[in-house]
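*Asks:* give the three-dimensional model of this entry:
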Amino acid sequence: MNMTYRKLVVSGRMAEFYDYEMPVAYGYSRSEGGSKGRGVVKELSEGQVLEEDLSPVWRAKRMVRRIVEANARQWYRQDGSAFIPLFFTLTFAENENDEAEANRKFTLGMERFNYAWRQIIQGGLKYVAVPERQDRGALHYHIILFNVPFIPMLKEQLLQIWGVGFTNYRKVSNNKVARYLTKYMGKDMGADRNLNGKRYFTSRGLLKPREVMDDDLVAQIEASVPFKFLDWTSKPIPHKRFGTIVYRRYLLPEGFDMKALLDSADAFVTAPGSVTLAVAHDRTTDPAASGRPLNLDN
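*Replies:* Numbering: from 1, shown residues only. Reported below is the predicted structural model:
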């Protein structure tokens with residue numbers, strides 16, 4: 001059993017740092033491709049997060065955002081260029097109010113997309129989807145595809161393959177990809193008129209967020225991230241087990257090699273002392289000084 005006061009979660013270009021007033025216990029874990037060591041660098045799966053006792057809805061929103069950030073522009077064409085994420089919505093021609101039946105039709109629809117495009121999409125569609133129930137009770141699905149190339153007459157193909165309703169789509173070329181989905185995951189998702197089952201769906205083979213839990217490693221990694229990329233800082237958040245928590249989020253530009261930093265940390269875990277992470281930036285300004293409240297929608 002180990003103890004840490006700091007945690008890092010990396011999802012693509014998004015890096016989230018947590019500072020805990022009281023220590024957080026964690027166990028030894030086999031790092032990706034490595035062996036047990038005093039620190040932990042691992043892939044993060046649903047339910048493994050040490051969060052601020054968030055509600056299930058907020059945990060789902062946070063996990064969806066991490067999944068989207070981990071995969072957006074991380075899938076590549078043969079020429080080496082990244083796919084632009086594609087956002088689209090599937091609706092039913094006849095209002096579908098039964099959640100189990102709607103989920104069944106959605107699953108079959110995604111299987112048809114996979115089959116129809118099997119020649120041009122290697123390894124199958126990579127996507128995350130969020131169901132939404134409208135006020136009148138009808139369900140529909142919002143989806144982000146991560147690895148779809150240019151397909152002539154795409155809207156017409158989507159309508160034909162879906163076959164049970166309507167669809168529309170748009171490319172997401174800005175840096176707000178995750179918000180296209182999380183904005184549909186409202187605070188009242190647990191209400192009777194909303195969803196009682198799965199809050200999101202994912203394809204197989206998606207890239208996962210990676211987590212680092214080790215005081216020294218997290219400190220060295222944050223020291224290597226330019227302060228100008230700080231996107232959000234929370235005020236100290238009271239917590240019944242951990243005293244207070246301070247949260248910082250960095251949004252890194254394309255080309256900033258966070259993966260190399262994590263791989264260096266992974267090597268350090270496997271063989272302590274063999275790798276030194278570079279500390280290349282001035283960190284004299286306290287990131288917590290801004291004291292902005294934590295907003296999970298940002």
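
*Asks:* just want the most central residue of this protein.
*Replies:* Arg66 (1.3 Å; C-alpha atoms, centre = their mean).

*Asks:* which residue ranges of the stretch 51-200 of the chain form strands?
*Replies:* With DSSP state E, counting those that start in this stretch as the criterion, the stretch 51-200 of the chain has strands at 86-92, 127-133, 139-145, 165-171.

*Asks:* how many degrees apart are the first one and strand 165-171 in direction?
*Replies:* Relative orientation of strand 86-92 and strand 165-171, computed by axes from the mean of the first three to the mean of the last three C-alpha atoms, to 10 degrees: 170 degrees.

*Asks:* what is strand 86-92 packed up against?
*Replies:* If you count contacts as 3 or more C-beta pairs under 8 Å, 6 or more residues apart in numbering; DSSP states H and E, strand 86-92 packs onto helix 99-116, strand 139-145, strand 165-171. For every residue, glycine as well, the C-beta is placed using N, CA and C.

*Asks:* these into CSV, with extra columns for mean neighbour count and distance to Gln78?
*Replies:* Listed next are the helices and strands packed on strand 86-92 as CSV, based on neighbours: other C-beta atoms under 10 Å; distance: least, C-beta to C-beta, whole Å:
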stretch, mean neighbour count, distance to Gln78
helix 99-116, 16, 19
strand 139-145, 23, 18
strand 165-171, 15, 20
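
*Asks:* what's the closest of these to Val246?
*Replies:* Of all these, it is strand 139-145 that lies closest to Val246, at 30.2 Å by C-beta to C-beta.

*Asks:* what about the closest one, distance to the chain center?
*Replies:* 16 Å (C-alpha atoms, centre = their mean, to the nearest Å).

*Asks:* pLDDT of it, averaged?
*Replies:* Strand 139-145 shows an average pLDDT of 92 in the prediction.

*Asks:* give the bridge partners for Pro131, please.
*Replies:* Tyr141 (DSSP bridges).

*Asks:* ok, now how distant is the closest residue to Arg204 other than its chain neighbours from Asp98?
*Replies:* Spatial nearest neighbour of Arg204, excluding adjacent residues (C-beta to C-beta, 6 or more residues apart in numbering): Gly124 at 6.9 Å. Distance from Gly124 to Asp98, counting by C-beta to C-beta, to the nearest Å: 27 Å.

*Asks:* the more surrounded of the two?
*Replies:* Gly124 (17 against 11; other C-beta atoms under 10 Å).

*Asks:* which among the strands of the stretch 51-200 of the chain is found nearest to Asp19?
*Replies:* strand 127-133 (28.9 Å).

*Asks:* residues in contact with the nearest residue in space to Arg112 that is not next to it in sequence?
*Replies:* Once flanking residues are discounted, Arg112 sits nearest to Ile161: 5.0 Å by C-beta to C-beta, 6+ apart. Going by C-beta atoms under 8 Å, 6 or more residues apart in numbering, Ile161 touches 109, 112-113, 116.

*Asks:* before we move on, the earlier item: take the helices and strands packed on strand 86-92 and write them to JSON lines, including distance to Lys259.
*Replies:* As requested, those are exported to JSON lines (distance: least, C-beta to C-beta, whole Å):
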{"stretch": "helix 99-116", "distance to Lys259": "28"}
{"stretch": "strand 139-145", "distance to Lys259": "21"}
{"stretch": "strand 165-171", "distance to Lys259": "25"}
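
*Asks:* closest to His239 out of the ones you listed?
*Replies:* Among the helices and strands packed on strand 86-92, strand 139-145 sits nearest to His239 (C-beta to C-beta), with 31.8 Å.

*Asks:* remind me what the closest one packs against, helices and strands.
*Replies:* strand 86-92, helix 99-116, strand 127-133, helix 179-182.

*Asks:* these into CSV, with extra columns for distance to Tyr141 and mean pLDDT?
*Replies:* Supplementary listing: the helices and strands packed on strand 139-145 in CSV, determined by distance: least, C-beta to C-beta, whole Å; pLDDT from 0 to 100:
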stretch, distance to Tyr141, mean pLDDT
strand 86-92, 5, 90
helix 99-116, 5, 93
strand 127-133, 5, 92
helix 179-182, 10, 78
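
*Asks:* out of these, nearest to Ile237?
*Replies:* helix 179-182 (19.6 Å).

*Asks:* buried stuff in that closest one?
*Replies:* 180-182 (16 or more other C-beta atoms under 10 Å).

*Asks:* ok, how many other residues are close to Arg59?
*Replies:* Arg59 has 18 nearby residues by other C-beta under 10 Å.
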